[in-house]
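In: fold the following and give me the result.
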Amino acid sequence: MHGRSQNSIKLLAGNSHIELCKQIADKLGIKIARVGAFQYTNQETAIAIGESVRDEDVYIIQTGCDSEKINDYVMELLLMINACKVASARRITAVIPNFPYARQDKKDKSRAPITAKLLANLLQIAGCNHIITMDLHASQIQGFFRIPVDNLYAEPIMLKYIKENFNKDDLIIVSPDAGGAKRVAGIADKLDVQFALIHKERARANEISRMVLVGDVSDKIAILIDDMADTCGTLCKAADILIENNAKQVICIITHGIFSGSAIEKINESKIDKVVCTNSLPISNHLKNCSKLEMLDISSTLAESIRRLHNGESISYLFYNNS
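Out: Numbering: from 1, shown residues only. Next up is the predicted model:
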């Protein structure tokens, strides 16, 4: 595989995040392959690949986003993978920055499906040979696949942002729930700053009944770190508790900004000073509607992972370093 020219990378863009695909193509110095993904009048998805992919290294970029179209995008990805497989592509890699259905990763109640496992099976049956994703909600999802999965981390970009914008003596890193405590404590250790935790007791899914702060945030800039922000109820309630406990400022740093429903209005009205979020999902419209929102660009990390995978180099470098 060494020595194959950069031209033998075929980059295909799904409709979920064209902007990110263009940024990745620019960084790799290649053009996006011609692909038509459209829907018939009866809403069936159809795919037409407009150039040869025979014996090529194909990378299909599709992220899990847009609450109304998420299932359309999943179907589009499966059809693009299968179209490349039957067109004799050498290797097909799905680049899925935000893995859809990642929160349905276990049987948490009777008769519940393990949908993340089902999606893993669908991707493999369609003909996928490799997955690149980022900050999986549950890292054991990698074990649902019989093909290699590279789970990249937004952590190096987050650390760089924090170091460049804040004095570490003023900081405390906060996990908004017990589930993210290990990851957030690791970030606090790398920055050599204090760590706090908010324990939440849920009444029902997406509804929080009570939150308790563990740790002292007095006169500190509290940085809340989480892997995804969906309805933003947790973050807004967490910000209230931090301000009640005399935090100077509340900054949220998020990998996947889903921002469904009235999330942006909640942020605008909340005590959060700033929400910093990667572009793993398209957030351009949200940036216009929310002055508190700031974007971290992950396109260089994804482009570098594609380049390294194509050239047979180690990807683990990207787990600890900015590309």
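In: show me what the longest strand that the chain contains is packed up against.
Out: Using DSSP state E, we find that the single longest strand of the chain is strand 194-204. Under the contact criterion of 3 or more Cβ pairs under 8 Å, 6 or more residues apart in numbering; DSSP states H and E, strand 194-204 touches strand 171-175, helix 181-191, strand 207-214, helix 233-244. Backbone N, C-alpha and C define where each C-beta goes, glycine included.
In: what's the angle between it and helix 233-244?
Out: Our comparison of strand 194-204 with helix 233-244, counting by axes from the mean of the first three to the mean of the last three Cα atoms, to 10 degrees, yields an angle of 130 degrees.
In: CSV please, covering the helices and strands packed on strand 194-204 and showing distance to residue 283, mean pLDDT and mean neighbour count.
Out: Converted to CSV, these look like this (distance: least, Cβ to Cβ, whole Å; pLDDT from 0 to 100; neighbours: other Cβ atoms under 10 Å):
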stretch, distance to residue 283, mean pLDDT, mean neighbour count
strand 171-175, 22, 95, 25
helix 181-191, 22, 92, 16
strand 207-214, 24, 78, 13
helix 233-244, 15, 93, 20
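In: could those go into CSV alongside distance to residue 157?
Out: As requested, the helices and strands packed on strand 194-204 are arranged in CSV below (distance: least, Cβ to Cβ, whole Å):
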stretch, distance to residue 157
strand 171-175, 15
helix 181-191, 12
strand 207-214, 27
helix 233-244, 19
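In: to residue 220, which of those lies closest?
Out: For the helices and strands packed on strand 194-204, the distance to residue 220 is smallest for strand 171-175, at 4.2 Å, taking Cβ to Cβ.
In: now the closest one: how far from the chain's centre is it?
Out: In terms of Cα atoms, centre = their mean, to the nearest Å, the centre of strand 171-175 is found 21 Å from the chain centre.
In: stretch 177-196 too?
Out: Worked out by Cα atoms, centre = their mean, stretch 177-196 lies 19 Å from the chain centre.
In: what does that stretch contact?
Out: Identification of contacts with stretch 177-196 by Cβ atoms under 8 Å, 6 or more residues apart in numbering yields 155, 158-159, 162-163, 168, 171-175, 197-200, 213-217, 220, 222, 225-227, 234.
In: count of neighbours near residue 269?
Out: Residue 269 is flanked by 10 other residues according to other Cβ atoms under 10 Å.
In: state the pLDDT value of it.
Out: Residue 269 is assigned 94 on the pLDDT scale.
In: perfect, I'm done here.
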